[in-house]
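Colleague: Sequence and predicted structure, then a few things I'm wondering about:
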Amino acid sequence: MKKQLKCQMTVVILTLACASSSPVFARDSIGSYAIEPALKSEPGKVGDDVALYFAGQKHAVVAKSFGEFATNKKTNAFGKSDETACQHVFLSAVLELQERARKEGANAVINIKSNYKNELRESATEFTCGAGAMVAGVALKGDVVTLKK
């Protein structure tokens, strides 16, 4: 009887411990981070063959448009600061947009906007990132185009 009671108490304690710690793992902090430092956070990653223009930034006249393309990237955030994880996943999203432009034969991505959880945010200086205990994510949309030179 004592052994069964001890076992039941252990189960109750473990259940309470798991239940009280689950909000920590469910964290989803949505923040804004500066674009410029993020683009420079991993030198040599972002190519200069496809120009990037964020919402509101001036660019040359569009010669040809290939349409709007979206990217939604996630990365492991475990053991990283939110800023570090968000900068890394932002670069992944930007690289995907650049790769799409190359595939289409374009030389720029313009009007790049954050689209985290389908909430558009236009900024020439900041992007939106969601960071949790385990994963960080960035979603971007941009128009793939060829600009006149």
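Modeller: Received the coordinates, thanks. Residues are numbered from 1 along each chain as shown.

Colleague: Identify the bridge partners of the most centrally placed residue in the chain.
Modeller: By CA atoms, centre = their mean, the chain has its centre lying nearest to residue 138, at 1.6 Å. Beta bridges link residue 138 to residue 73 when assigned by DSSP bridges.

Colleague: Per-residue pLDDT of it, please?
Modeller: pLDDT for residue 138: 98.

Colleague: same deal with the one 3 residues further on?
Modeller: In this prediction, residue 141 carries a pLDDT score of 98.

Colleague: Tell me who's in contact with it.
Modeller: Residues near residue 141 by CB atoms under 8 Å, 6 or more residues apart in numbering: 68-71, 111-113, 115, 120. C-beta: built from backbone N, CA, C; applies to glycine.

Colleague: again, only using 7 Å
Modeller: Counting by CB atoms under 7 Å, 6 or more residues apart in numbering, residue 141 touches 68, 70, 113, 115.

Colleague: would CSV of the residues you listed with secondary structure and pLDDT be doable?
Modeller: Formatted as CSV, those follow (DSSP: H, G, I helix; E, B strand; the rest coil; pLDDT from 0 to 100):
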residue, secondary structure, pLDDT
68, strand, 98
70, strand, 98
113, strand, 98
115, coil, 97
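
Colleague: now stretch 66-73: how far from the chain's centre is it?
Modeller: Counting by CA atoms, centre = their mean, to the nearest Å, stretch 66-73 is centred 13 Å from the centre of its parent chain.

Colleague: Can you get me a residue count around residue 107?
Modeller: By the measure other CB atoms under 10 Å, the count of residues near residue 107 is 19.

Colleague: can you pull the contacts of the residue nearest to the centre of the chain?
Modeller: Residue 138 makes contact with 73, 86, 89-90, 93, 116, 127, 129, according to CB under 7 Å, 6+ apart.

Colleague: Just checking, which of these comes out lowest on pLDDT?
Modeller: For those, the weakest pLDDT value sits at residue 116, with 95.

Colleague: if I look at it, how far off is residue 77?
Modeller: 14 Å (CB to CB, to the nearest Å).

Colleague: These two: who's more crowded?
Modeller: Counted by other CB under 10 Å, residue 116 and residue 77 do not tie: residue 77 has more neighbours, with 23 against 18.

Colleague: hang on, the more buried one packs against residue 137?
Modeller: No. With contact defined as CB atoms under 7 Å, residue 77 does not count as touching residue 137 (8.9 Å).

Colleague: Fine, thanks again, bye for now.
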